[in-house]
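# structural data only, the sequence is not supplied:
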Ligand code: SF4
């Protein structure tokens with residue numbers, strides 16, 4: 001595995017720097033710190049290249065945040081020692097838990113009201129230049145048959161906080177591995193049948209770019225609704241370079257039409273986007289084109305580099321916290337009037353934590 005770098009950045013070398021940037025962009029210092037942790041990773045004596053970390057910030061300890069970061073980012077200004085996370089030597093958070101971030105068959109979010117299924121061996125999916133899959137330990141199954149989906153649901157039920165999957169509001173199918181539209185539609189139809197057998201009425205969310213045609217969305221409306229398309233846009237430029245072929249074949253200019261087709265069939269719509277791969281002009285143009293056709297706030301993730309090759313794929317300036325604060329302001333300008341707002345539990349590397357355009361996102 002290539003050496004993990006992490007990058008020392010002038011803008012995040014000290015808490016005072018982060019505070020100044022937070023003030024300049026009118027964001028809480030806590031939001032700026034969490035974005036910066038996601039950007040730079042954490043330096044520690046633990047050899048983990050990727051872990052789920054539960055952190056409580058010193059200035060806002062009542063809200064725990066889960067971040068998924070490398071713990072061996074040697075040049076990161078964030079340093080973990082025992083339970084203390086420091087920035088430039090100043091304590092900024094207490095780390096409560098560290099878990100391996102394995103690709104597993106399924107897990108819960110939002111206090112058990114949402115589940116993510118990984119039913120098609122996501123760990124074996126490769127091809128997107130930014131994807132850390134090849135770094136992960138794999139414990140995820142490749143499920144193709146109804147019987148196997150049932151077994152996954154039974155296993156999930158045992159893990160559920162209250163042992164009751166009927167309270168699920170959404171089940172997100174997280175896999176990049178359906179290369180063809182037909183296979184995706186068949187899988188979603190089978191999943192709906194299994195959910196119905198268990199009296200689970202949850203909306204199915206699907207992260208994909210292979211569902212594109214009106215006929216597929218109509219079939220899903222008949223067989224798998226309620227359904228939300230979470231279009232894996234990821235980036236608007238250099239798509240051939242950055243994405244696996246089945247994703248790259250979806251042209252940026254086609255994305256809005258795909259969302260419109262899904263909307264036309266009565267589905268919910270959203271998209272995923274990795275902030276740090278496109279320059280800010282391309283980000284603005286792309287998000288502006290898609291914003292009118294989403295029913296949920298899109299999933300914007302901070303781009304995290306795990307090695308020197310991944311670091312080299314960043315847009316100019318995207319190794320600095322300031323780039324992400326500018327992106328955040330841009331997206332707030334575009335999405336603000338939609339009334340849609342980010343839900344932090346939906347995304348592990350978000351740009352928003354405590355506020356969105358000055359509005360509080362965390363319940364008092
Ligand atoms: S589609 Fe790309 S980002 Fe998604 S799992 Fe496969 S390689 Fe990773």
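Yep, it's here. Note that the coordinates shown come from a computational prediction; the quantities given were computed from them, not determined experimentally. Numbering: from 1, shown residues only.
# all strands of the stretch 151-300 of the chain, in order?
170-174, 203-208, 227-234, 268-275, 299-302 (DSSP state E, counting those that start in this stretch).
# where does pLDDT dip in the stretch 101-250 of the chain?
Across the stretch 101-250 of the chain, the ranges flagged by pLDDT under 70 are 102-105, 119-124, 133-146, 175-177.
# one more time with 90, if that's ok
Within the stretch 101-250 of the chain, the ranges that satisfy pLDDT under 90 run 101-168, 172-180, 183, 187, 194, 197-198, 244-247.
# can you give me the helices for it?
146-159, 181-197, 214-223, 239-242, 245-248 (DSSP state H, counting those that start in this stretch).
# now the third one against strand 203-208, angle please.
Spelled out, that is helix 214-223. Per axes from the mean of the first three to the mean of the last three C-alpha atoms, to 10 degrees, the angle that helix 214-223 makes with strand 203-208 is 160 degrees.
# can you list the buried residues in helix 214-223?
216-217, 219-221 (16 or more other C-beta atoms under 10 Å). In short, each C-beta sits where N, CA and C put it, glycine included.
# try the longest one
Within helix 181-197, the residues that qualify as buried are 181, 184-185, 187-188, 190-192, 194-195, counting by 16+ other C-beta under 10 Å.
# among the residues you listed, which one sits closest to the ligand?
The nearest member of the buried residues of helix 181-197 to the ligand, counting by C-beta to the nearest ligand atom, is residue 184 at 12.4 Å.
# list the contacts for the closest one?
178, 206, 208, 210-211, 216 (C-beta atoms under 8 Å, 6 or more residues apart in numbering).
# leaving out the residues flanking it, which one is nearest to it?
residue 178 (4.1 Å; C-beta to C-beta, 6 or more residues apart in numbering).
# what number of residues are in the vicinity of the one you found?
Residues lying near residue 178 (other C-beta atoms under 10 Å) number 23.
# OK, contacts around it?
Residue 178 makes contacts with 120, 184, 187, 208, 210, as judged by C-beta under 8 Å, 6+ apart.
# how near is the second one to residue 219?
This points to residue 184. In this view, residue 184 and residue 219 are 11 Å apart by C-beta to C-beta, to the nearest Å.
# same deal with residue 90?
56 Å.
# so which of the helices of the stretch 101-250 of the chain comes closest to residue 325?
Nearest of the helices of the stretch 101-250 of the chain to residue 325, taken as C-beta to C-beta: helix 239-242 at 23.0 Å.
# and that closest one, is it in reach of the ligand?
No - using C-beta under 6 Å from any ligand atom, helix 239-242 never reaches the ligand; the gap is at least 9.4 Å.
# ok, the most centrally placed residue in the chain to residue 217 distance?
For the chain, residue 347 is the residue whose C-alpha lies nearest the centre (C-alpha atoms, centre = their mean; 4.2 Å). Distance of residue 347 to residue 217, computed by C-beta to C-beta: 24 Å.
# could you break the chain into its assigned domains?
10-98, 103-359 (automatic domain parsing).
# centre of the chain to the longest one, how far?
With C-alpha atoms, centre = their mean, to the nearest Å as the basis, domain 103-359 stands 7 Å off its chain's centre.
# give me the residues contacting stretch 189-204.
115, 117, 119, 146, 149-150, 153, 165-166, 168-173, 188, 219-220, 223-228, 268.
# low-confidence stretches in the stretch 251-364 of the chain?
Residues of the stretch 251-364 of the chain that meet the criterion pLDDT under 90 lie in 305-311, 343-349, 362-364.
# for it, which segments count as helices?
Using DSSP H, counting those that start in this stretch, the helices of the stretch 251-364 of the chain run over 252-264, 280-290, 308-312, 321-335.
# of all those helices, which one is nearest the ligand?
The closest of those to the ligand is helix 308-312. By C-beta to the nearest ligand atom, the value is 12.3 Å.
# is there proximity between that closest one and the ligand?
No - using C-beta under 6 Å from any ligand atom, helix 308-312 stays clear of the ligand, with a minimum separation of 12.3 Å.
# buried set for that helix?
By neighbour count on 16+ other C-beta under 10 Å, the buried set for helix 308-312 is 310-311.
# what's that helix packed up against?
Under the contact criterion of 3 or more C-beta pairs under 8 Å, 6 or more residues apart in numbering; DSSP states H and E, helix 308-312 touches no helix or strand at all.
# tell me which of the helices of the stretch 251-364 of the chain sits most buried.
Stretch with highest mean neighbour count among the helices of the stretch 251-364 of the chain: helix 321-335 (a mean of 20; mean count of other C-beta atoms under 10 Å).
# who touches that helix?
Contacts of helix 321-335 with the rest of the structure, by C-beta under 8 Å, 6+ apart, involve 9, 11-12, 18, 21-22, 24-25, 27, 32, 35-36, 39, 275-276, 280, 283-284, 287-288, 291, 297-298, 300, 302, 315, 317-318, 351-352, 356-357.
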